[in-house]
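*Asks:* can't give you the sequence, but here's the structure:
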């Protein structure tokens, strides 16, 4: 018979399945990537029992809980818990603090002759552990930041690295105003939890970990402060790519590769064009009225060309102008504010080769964040 566990490191590095018996609203605010919500109480029941707890205390709340737990309700819980346990016999259950709801769930299962262990301390203990480990690993892991102008291929290099923290993939966003992935972004809590788990796994070896240079926000997901500090202190690999090559990569990523996301729309090209125009509109104040109007007109013409002929080449002049007059200037301003140790500098192919020959062997000790 398996015992309850407090070995949180093993739970996360092995992606152990977790059965979350908290209410749906608690789960939606924050959980763990390997967890599935199978609540003991739904939101309405939890609200009613919470009122009883505040009015008459714990015993009255427990009594009300058992009264609400009719035979039909208990049978329903046992059925979907049992199905989960059959699929994941190696897993554990948890509630918020590893207390009453976890033990009640265990008791209901034991009454049905099913034993399933719990995580001691529950969600609160696991969340605290991940935040502590996030800070620790950001300070200890040897990070190397892949930097460069927009469109240089930083994301492609991160995806090729066997030891990398892919922040954009975890945020489900490419970082810029045009960076929608087509998927909803995670909650801030879930974003932080996932990053911490990624770092826990990477920390099992001491070799360098590559991460893409990012601002403090990726869409609506904010980089945790310990990671921001570690990235600012870390050495960099600098990508230098020609303007046209960068523009072509952006057109490929944001037009050609993005188009399949709109396959379910009546007119996919039109739907993509509308999203691009909406993204450009978010830059209107920064671009200034006259420059924005010119770029908006260029974008409308490029969208029409895509609709009529399926040709994405018409986006190139627009993207080159946007890079040169906006994104590159913003990046140069940012770089002037930094004092960075640059380990290597080169074009995409040169940097890729440098990473390939060093990724598995070279260990850098990043300066401790201040």
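*Replies:* Happy to help now that I have it. Just so you know, these numbers come straight off a predicted model, no measurement behind them.

*Asks:* with adjacent residues omitted, what lies nearest to the residue nearest to the spatial centre of the chain?
*Replies:* With distances taken as Cα atoms, centre = their mean, residue 170 lies nearest the centre of the chain, 2.6 Å away. Excluding the flanking residues, the one nearest residue 170 by Cβ to Cβ, 6 or more residues apart in numbering is residue 194, at 5.1 Å. Every residue, glycine included, has its C-beta placed from N, CA and C.

*Asks:* which residues touch the closest residue to residue 39 other than its chain neighbours?
*Replies:* Nearest residue to residue 39 in three dimensions, chain neighbours excluded: residue 23, at 5.2 Å (Cβ to Cβ, 6+ apart). Residues near residue 23 by Cβ atoms under 8 Å, 6 or more residues apart in numbering: 39, 41, 42, 43, 45, 46.

*Asks:* between these, which has the most around it?
*Replies:* Within these, neighbour counts (other Cβ atoms under 10 Å) peak at residue 41, which reaches 24 neighbours.

*Asks:* mind checking pLDDT for it?
*Replies:* For residue 41, the pLDDT comes out at 86.

*Asks:* and for the one 5 residues further on?
*Replies:* Model confidence at residue 46, expressed as pLDDT, equals 75.

*Asks:* do the same with residue 198
*Replies:* Residue 198 is given a pLDDT of 97.

*Asks:* contacting residues for it?
*Replies:* 165, 170.

*Asks:* follow-up on the earlier one: I figured the residue nearest to the centre of the chain was touching residue 191, is that so?
*Replies:* Yes. Between residue 170 and residue 191 there is a contact under Cβ atoms under 8 Å: 6.3 Å.

*Asks:* find the residues that touch each one of those two.
*Replies:* By Cβ under 8 Å, 6+ apart, the residues touching both residue 170 and residue 191 are residue 221.

*Asks:* which residues in the stretch 251-370 of the chain form helices?
*Replies:* 268-281, 284-287, 289-309, 316-322, 328-336, 348-358 (DSSP state H, counting those that start in this stretch).

*Asks:* can you list contacts of the fifth one?
*Replies:* I take that to be helix 328-336. By Cβ under 8 Å, 6+ apart, helix 328-336 touches 149, 150.

*Asks:* pLDDT of that helix, averaged?
*Replies:* 81.

*Asks:* and it, what's buried?
*Replies:* 328, 331 (16 or more other Cβ atoms under 10 Å).

*Asks:* cool, the fourth one as well?
*Replies:* Residues 318, 319, 320, 322 are the ones in helix 316-322 that count as buried (16+ other Cβ under 10 Å).

*Asks:* I'd like those as TSV, with pLDDT appended.
*Replies:* Shown next, in TSV, are these (pLDDT from 0 to 100):
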residue	pLDDT
318	93
319	94
320	95
322	92
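
*Asks:* turn those residues into TSV, columns for distance to residue 145.
*Replies:* Compiled in TSV, the buried residues of helix 316-322 are given as follows (distance: Cβ to Cβ, whole Å):
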residue	distance to residue 145
318	29
319	24
320	26
322	24
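
*Asks:* nearest to residue 231, of those?
*Replies:* Nearest to residue 231 among these, counting by Cβ to Cβ, is residue 322 at 25.4 Å.

*Asks:* excluding chain neighbours, what is closest to the closest one?
*Replies:* In space, residue 322 is closest to residue 295, 6.4 Å off (Cβ to Cβ, 6+ apart).

*Asks:* thought the one you found was touching residue 318?
*Replies:* Yes. Counting by Cβ under 8 Å, residue 295 touches residue 318, with 6.2 Å between them.

*Asks:* pick the one among the contacts of residue 23 closest to residue 278.
*Replies:* Nearest member of the contacts of residue 23 to residue 278, counting by Cβ to Cβ, is residue 43, at 33.6 Å.

*Asks:* for that closest one, what are its contacts?
*Replies:* 23, 24, 25.

*Asks:* let's see it at 10 Å
*Replies:* 23, 24, 25, 26, 28 (Cβ atoms under 10 Å, 6 or more residues apart in numbering).

*Asks:* gap between residue 357 and residue 344?
*Replies:* 10 Å (Cβ to Cβ, to the nearest Å).
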